[in-house]
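J.: From the sequence below, what's the structure:
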Amino acid sequence: HNGRGNYNDATATFVRAFPDKLIGFMALHPFDSDMMDEFERCRTDLGMKGVKLGANYQIFDPLETRALAIYAAAQKHGLPVLFHQGTSPVRTAPIRYAHPLLTDEIAIRYPDLKIIMAHLGHPWQVDTAVVVRKHPNVYADMSANFYRPYSFWEQMVKAIEWNITDKILFGTDFPVTTMQESIDHFRNINSIVEGTKLPRIPEEVIEGIINRDSLSILGLS
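T.: Model prediction:
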């Protein structure tokens, strides 16, 4: 906090400038003494519609008691939680705090909490797939995955085999990459296996993810 507010105030200002295009998610840290007051302020005064957490970057155990309080409040008020999932090049960020199997533990405790696992939990996409398959309110987004074309193709094959493609949400990793770039690479996903007998990702799966109404799935409008 400072005289100009915090990240949540900045996000709210940005959303207010483009209310027809943006939906604000609050950032919280379980170790802040005023965490639940900030949750309420963001939910009511600032009109935030969800929570974004990156336990590895924020360096907290996602199963720690103070973190559980966030999930309980989000579940109570119907706010989805978006977790950074998977690896990171940041040397100080503990990878284990962003492993997809931790999300399984959270979803067991909070079965009505809508959870989005970012980046399909790369490189543990299969672990992500089994968590998404198991829990009705757990979803994954495919942001930042096309940077590794072989892994991207392989994980989509596995998503089809695990029958979770209807629970994958389109994401872009903006501003690192644009929406159009992400769409173009996704539509070109099968080029890496051209000339082989390896399986293809069907066009209806690709277009289904691109055109999915993620907002209504998450209870947002």
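
J.: got any ranges where this structure has weak pLDDT?
T.: The model of the chain has pLDDT under 70 over residues 1-4.

J.: Just read off the phi/psi values of the most far-flung residue of it relative to its centre.
T.: The outermost residue of the chain relative to its centre, with distances by C-alpha atoms, centre = their mean, is G195 at 33.9 Å. Dihedral angles of G195 (phi, psi; degrees, to the nearest 10) stand at phi 80, psi 10.

J.: ok, now A27?
T.: When quoted as degrees, to the nearest 10, the phi and psi of A27 stand at phi -110, psi 130.

J.: Return the distance of the closest residue to it other than its chain neighbours relative to L46.
T.: In space, and not counting its chain neighbours, A27 is closest to Y7: 5.1 Å by C-beta to C-beta, 6 or more residues apart in numbering. (C-beta placed from N, C-alpha, C; glycine too.) According to C-beta to C-beta, to the nearest Å, Y7 and L46 sit 11 Å apart.

J.: can you check T92 too?
T.: T92 sits 29 Å away from L46 when distances are taken as C-beta to C-beta.

J.: same question, T196
T.: From T196 over to L46 the distance is 51 Å, taken as C-beta to C-beta.

J.: all strands in the chain, in order from the N-terminus.
T.: Here the chain has its strands, by DSSP state E, at 25-27, 50-53, 81-83, 115-117, 138-141, 168-169.

J.: Out of these, indicate the one that is most buried.
T.: strand 115-117 (a mean of 27; mean count of other C-beta atoms under 10 Å).

J.: Mind giving me the packing neighbours of that one?
T.: Applying 3 or more C-beta pairs under 8 Å, 6 or more residues apart in numbering; DSSP states H and E, one finds that strand 115-117 makes contact with strand 81-83, helix 100-109, helix 125-134, strand 138-141.

J.: one step back: next up, the contacts around the residue farthest from the centre of the chain.
T.: Under the criterion of C-beta atoms under 8 Å, 6 or more residues apart in numbering, G195 has no neighbours.

J.: more neighbours, T92 and L46?
T.: Set T92 next to L46 and count neighbours by other C-beta atoms under 10 Å: L46 wins out with 19 against 8.

J.: Off-centre distance for stretch 14-34?
T.: 15 Å (C-alpha atoms, centre = their mean, to the nearest Å).

J.: again with stretch 66-84
T.: Distance of stretch 66-84 from the chain centroid (C-alpha atoms, centre = their mean) equals 13 Å.

J.: start at 54 instead
T.: Understood, numbering begins at 54; the last thing we discussed is stretch 119-137.

J.: From the rest of the structure, what touches that stretch?
T.: For stretch 119-137, the external contacting residues (C-beta under 8 Å, 6+ apart) are 78, 81, 83-84, 88-89, 92, 96, 101-110, 113-115, 151, 156, 159, 162-163, 165-172, 194, 271-273.

J.: Tell me the buried residues within those residues.
T.: For the contacts of stretch 119-137, a burial check counting by 16 or more other C-beta atoms under 10 Å picks out 78, 81, 83, 88, 92, 96, 101-109, 113, 115, 151, 156, 159, 163, 166-172, 194, 271, 273.
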